[in-house]
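> The following comprises the amino acid sequence and a computationally predicted model.
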Amino acid sequence: MDNSSTMPDYEISTTFDYSGVIAPAIDKNVKIFNSDFVPPLYSLVFIFGLLGNSLVVLILIRYKKLKSMTDIYLLNLAISDLLFIISLPFWAHYATHEWIFEDAMCKILSGIYCVGFYSGSFFIILLSIDRYLAIVHAVFALKARTITYGTFTSVITWVVALLASVPEFVFHHVQKEFENNSCTIHYPSENEKEWKQFLTLLKFILGLTIPAVIIIFCYMQIIMILIKGRNQRRQKAFKLIAVIMVVFFLFWMPYNIALLVRTFQGSFFSSNSENNIEGKVALAIEITRIIALIHCCINPVIYAFLGEKFRKYISIFFRKCLLALLCRLCPGRNYPNLERSTSSYISSTEHDISIGL
């Protein structure tokens, strides 16, 4: 077991029967990495992820007014990323200290992390299907891509994500390990191995395999349609789709593979290996976890800021903030009214571009 894990390590084994010198090696390597790199990296992800996703939520609610199914999914995706982000200060502290919070906080933060994990994958799937309908089945999409359906499917998605995360709420708790309190997952002793393998496969299938299959199918169909068109709008949509596919797999695949390798370590490596495979796999879990978390910061760029209308809304938002600051500093001067230009721009761009951004 990697008992020094800093995140709600819902894949952690609860086998504490270390033998020989392997356990101290694992503990030392991971603790060094956690102490030196995890707190500053988590802090950066927290700052940029919180600002970026909060800005997405603000733009969607205040300017776009949640007028399409795509807006609904983008909002929920940003909320999903925020679920990851709000727990990072707790795990950053845990990286260099023991768990000082209550058992309830251990369960809640670990469960919320897992809900964010599942919901993020699910809403990426829904966005892919939404764009598939908008481009490949444009006529049918006029009836299917409504705010009502978007809200309904979003509620169902959160319910499924919550149900899939129930084991994390139940099995996580605080326990004394090596003289320190740790927040880790502890499966029932009578079928520990089965629970560990089941939950790892569940996360691998729901978090990577199913999204990969659906995304590849949807975007291959979309690409076939876009290739037939030569206008600039479709070329931009093609580039955005390529970025979505590459970044999603680039950031999440290493983490999911590392979890799979750790859970089924006996099938990948011989039991008499002398290369400290357990220590290397444990360290790989921590490194790939951080890579996956960085995706929370990139999501606002991929799904929002690359959209033409979003860039315009962001520009208007910051101009308003600057104008408000100037009005406070120099209240006697007359400044241009941005409300009129904002309304004019919104009314002239009410229709979504082909990818729904």
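Looks like it came in fine.

> Quick check: buried residues in the lengthiest helix in the chain?
The single longest helix within the chain, with elements called by DSSP state H, is helix 103-136. Within helix 103-136, the residues scored as buried using 16 or more other Cβ atoms under 10 Å are 106-135. Every residue, glycine included, has its C-beta placed from N, CA and C.

> Low-confidence stretches in the stretch 101-250 of the chain?
Along the stretch 101-250 of the chain, segments meeting pLDDT under 70 span 229-242.

> let's see 80
Along the stretch 101-250 of the chain, segments meeting pLDDT under 80 span 177-179, 226-246, 248.

> Number of residues surrounding residue 64?
When counting by other Cβ atoms under 10 Å, one arrives at 21 neighbours for residue 64.

> So for it, what's the nearest residue that isn't a sequence neighbour?
residue 71 (5.2 Å; Cβ to Cβ, 6 or more residues apart in numbering).

> In contact with the one you found, which residues?
60, 64, 65, 150 (Cβ atoms under 8 Å, 6 or more residues apart in numbering).

> cool, and residue 160?
118, 122.

> ok but it is inside a strand, no?
No - under DSSP: H, G, I helix; E, B strand; the rest coil, residue 160 falls outside any strand and is assigned helix.

> pretty sure residue 183 is in a strand, no?
Yes - the assignment for residue 183 (three-state DSSP) places it in a strand.

> Let me see the contact set for the nearest residue in space to it that is not next to it in sequence.
Nearest residue to residue 183, sequence neighbours excluded (Cβ to Cβ, 6+ apart): residue 106, at 3.8 Å. Residues near residue 106 by Cβ under 8 Å, 6+ apart: 8, 99, 172, 173, 174, 183.

> when you check those residues against the strands, which ones overlap?
Counting by DSSP state E, the contacts of residue 106 place 172, 173, 174, 183 in strands.

> Which single one of those is nearest to residue 193?
residue 172 (18.1 Å; Cβ to Cβ).

> Could you list which residues are in contact with that closest one?
8, 10, 106, 107, 110, 111, 183, 184, 185, 186.

> Could you pull out the helices in the stretch 1-150 of the chain for me?
22-36, 38-58, 69-86, 88-96, 103-136, 138-144, 147-164 (DSSP state H, counting those that start in this stretch).

> which of those sits most buried?
helix 69-86 (a mean of 23; mean count of other Cβ atoms under 10 Å).

> Helix 38-58 and that helix, what's the angle between them?
The directions of helix 69-86 and helix 38-58 differ by 150 degrees, with axes from the mean of the first three to the mean of the last three Cα atoms, to 10 degrees as the criterion.

> Centre of the chain to helix 69-86, how far?
The chain centroid and the centroid of helix 69-86 are separated by 9 Å under Cα atoms, centre = their mean, to the nearest Å.

> Stretch 176-188 too?
With Cα atoms, centre = their mean, you get 26 Å for stretch 176-188.

> what's the burial count for residue 258?
Residue 258, neighbours per other Cβ under 10 Å, totals 22.

> helix or strand for it, which one?
Assigned by DSSP states H and E, residue 258 belongs to helix 232-263.

> quick one on the thing from earlier: measure how the longest helix of the chain sits relative to helix 147-164, angle-wise.
Going by the same axes, to 10 degrees, helix 103-136 makes 140 degrees with helix 147-164.

> Save the helices of the stretch 1-150 of the chain as TSV, and put in distance to residue 190 too.
Formatted as TSV, those follow (distance: least, Cβ to Cβ, whole Å):
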stretch	distance to residue 190
helix 22-36	24
helix 38-58	34
helix 69-86	32
helix 88-96	29
helix 103-136	21
helix 138-144	47
helix 147-164	23
